[in-house]
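Asker: Sequence first, predicted model second:
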Amino acid sequence: MELRELGEFGWIAGIREKFRGVPSGESLGIGDDCAVIPCGDGEALVVTTDMLIEDVHFLRAVIPPYLLGRKSLAVNLSDVASMGAVPIASFLSIALPGDVSAGWADRFTDGYRSLSEEFGVPLLGGDTTSSQDRIAINVTAIGRIARAKVKYRSGARENDIVYVTGYLGDSAQGLLDIRSGVYDSPFIAVHHDPHPCVNEGIWLGNQPEVHAMMDISDGLASDLSHILEESKTGAEISIERIPTRTTVELAVTGGEDYQLLLTVGAEAADRIAAEYVRHFGKPLYGIGRIRSGAPDIIWSDNGEVVRPQWKGFRHF
């Protein structure tokens with residue numbers, strides 16, 4: 001079987017099973033946006049790592065190096081935020097081909113530093129090497145949180161309200177615009193310079209009524225499915241309530257939104273949503289609810305069940 005046939009999630013499931021017998025103590029790994037490593041006194045470190053590969057995740061001729069530097073860190077801070085943690089450090093490894101100039105590299109690190117400074121996250125190390133013809137970027141980010149407050153994908157409960165923190169589909173539309181040769185679209189700015197919901201994630205992490213949380217990087221259809229699989233629940237989603245400035249299909253399947261996806265106990269949902277607005281000046285968007293049963297999504301449009309063949313982004 002080719003890897004493409006097995007698929008990304010099939011391969012990850014195999015890796016998870018293969019390492020199941022290797023002792024990990026109280027640390028928790030594959031299955032969430034970050035690994036969780038207890039560090040004493042009721043505290044835990046959350047650790048994530050992510051890669052950006054030229055011509056897969058970005059086009060060097062289109063994205064300014066300053067924004068690529070920011071995005072390289074942003075996608076990792078988004079993972080830390082999704083666990084409810086405070087980011088405390090990052091590590092950067094990068095492979096550069098010989099045709100990259102010193103000026104390009106300098107502007108890249110300026111962008112990386114700008115987001116580091118914005119959220120008070122120091123760069124503590126990493127690695128540099130050469131590559132044949134494409135840029136490869138790997139970032140590891142570390143956060144800290146009280147262990148009891150960590151938000152997992154597995155926490156969703158029946159009748160929880162499903163929320164997202166912002167518009168979905170903007171980044172996917174930006175990528176479509178780039179591919180069609182439209183370079184002055186406002187959506188391209190979202191695609192190139194996502195803003196991780198760091199402060200929102202920390203606040204939501206302090207709310208015990210928030211039961212499950214992750215970020216939306218591969219599209220709502222894929223990422224909500226991760227929560228459902230880990231929580232052993234299903235969901236009902238009203239597509240007319242999904243916040244988007246593009247199309248519903250892009251909002252559901254596009255990915256790279258880096259908004260937060262969360263579930264909140266029904267009894268506290270209105271209060272949490274109202275407090276969120278007061279705290280951040282923007283809404284939480286309720287798009288559906290968690291139900292019992294198989295881990296699948298029932299989509300409806302103004303009360304009528306629809307059966308679209310929507311799937312989120314796959315890496316293979």
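Answerer: Thanks, I have the structure now.
Asker: List the beta-bridge partners for the spatially most central residue of the chain.
Answerer: When CA atoms, centre = their mean is applied to the chain, the residue found nearest the centroid is Asp215 (3.2 Å). Counting by DSSP bridges, Asp215 is bridged to Leu260.
Asker: Check what pLDDT it gets.
Answerer: Looking at Asp215, its pLDDT reads 97.
Asker: Next up, the contacts around it.
Answerer: For Asp215, the contacting residues are Asp33, Ser78, Asp79, Ala81, Ser82, Pro196, Cys197, Asp223, Tyr258, Gln259, Leu260, Leu261, by CB atoms under 8 Å, 6 or more residues apart in numbering. In this view, the C-beta of every residue, glycine as well, is placed from N, C-alpha and C.
Asker: same thing but 10 Å
Answerer: 33, 48, 75, 77-83, 165, 194, 196-197, 201, 223, 257-262 (CB atoms under 10 Å, 6 or more residues apart in numbering).
Asker: List the ones among these that fall in strands.
Answerer: Thr48, Leu260, Leu261, Leu262 (DSSP state E).
Asker: can you map out the strands along the stretch 201-316 of the chain?
Answerer: For the stretch 201-316 of the chain, strands defined by DSSP state E, counting those that start in this stretch occupy the ranges 210-215, 234-238, 260-264, 285-291, 297-301, 304-306.
Asker: From the contact counts, what lies against the strand or helix carrying Asp177?
Answerer: Taking DSSP states H and E as the definition, Asp177 sits inside helix 170-179. Contacts defined by 3 or more CB pairs under 10 Å, 6 or more residues apart in numbering; DSSP states H and E place helix 170-179 against helix 186-192, helix 248-253.
Asker: got those as a markdown table, with mean neighbour count and mean pLDDT columns?
Answerer: Compiled in a markdown table, the helices and strands packed on helix 170-179 are given as follows (neighbours: other CB atoms under 10 Å; pLDDT from 0 to 100):
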| stretch | mean neighbour count | mean pLDDT |
| --- | --- | --- |
| helix 186-192 | 20 | 95 |
| helix 248-253 | 22 | 95 |
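Asker: Okay, the residue nearest to the centre of the chain and Cys34: tell me how far apart.
Answerer: 10 Å (CB to CB, to the nearest Å).
Asker: what residues are up against Thr244?
Answerer: Thr244 touches 167-170, 172-173, 220, 250-252, 254, 257, 285, counting by CB under 10 Å, 6+ apart.
Asker: In those residues, which has the lowest confidence score?
Answerer: Gly254 (91).
Asker: In contact with it, which residues?
Answerer: If you count contacts by CB under 10 Å, 6+ apart, Gly254 has them with 168-176, 191, 216, 218-221, 244, 246-247, 312-313.
Asker: And those residues, which of them are buried?
Answerer: Buried members of the contacts of Gly254, counted by 16 or more other CB atoms under 10 Å: 168-176, 191, 216, 218-221, 244, 246, 312-313.
Asker: what do Asp215 and Cys34 both touch?
Answerer: Counting by CB under 10 Å, 6+ apart, the common neighbours of Asp215 and Cys34 are Thr48, Asp79, Val80, Ala81, Ser82, Met83.
Asker: Buried residues, stretch 44-53. List them.
Answerer: Neighbour-count burial for stretch 44-53 [16+ other CB under 10 Å]: Ala44, Leu45, Val46, Val47, Thr48, Asp50, Leu52.
Asker: what's the nearest residue to Ala268 if we skip its chain neighbours?
Answerer: Spatially, and ignoring its direct neighbours in sequence, Ala268 is nearest to Glu209 (3.7 Å; CB to CB, 6 or more residues apart in numbering).
Asker: Asn159 too?
Answerer: Nearest-residue entry for Asn159: Ala266, 4.7 Å, with adjacent residues in sequence omitted and distances by CB to CB, 6+ apart.
Asker: my read: that neighbour touches Ala156, true?
Answerer: No: under the criterion of CB atoms under 10 Å, Ala266 makes no contact with Ala156, lying 11.9 Å away.
Asker: overlap in contacts of these two?
Answerer: Ile290.
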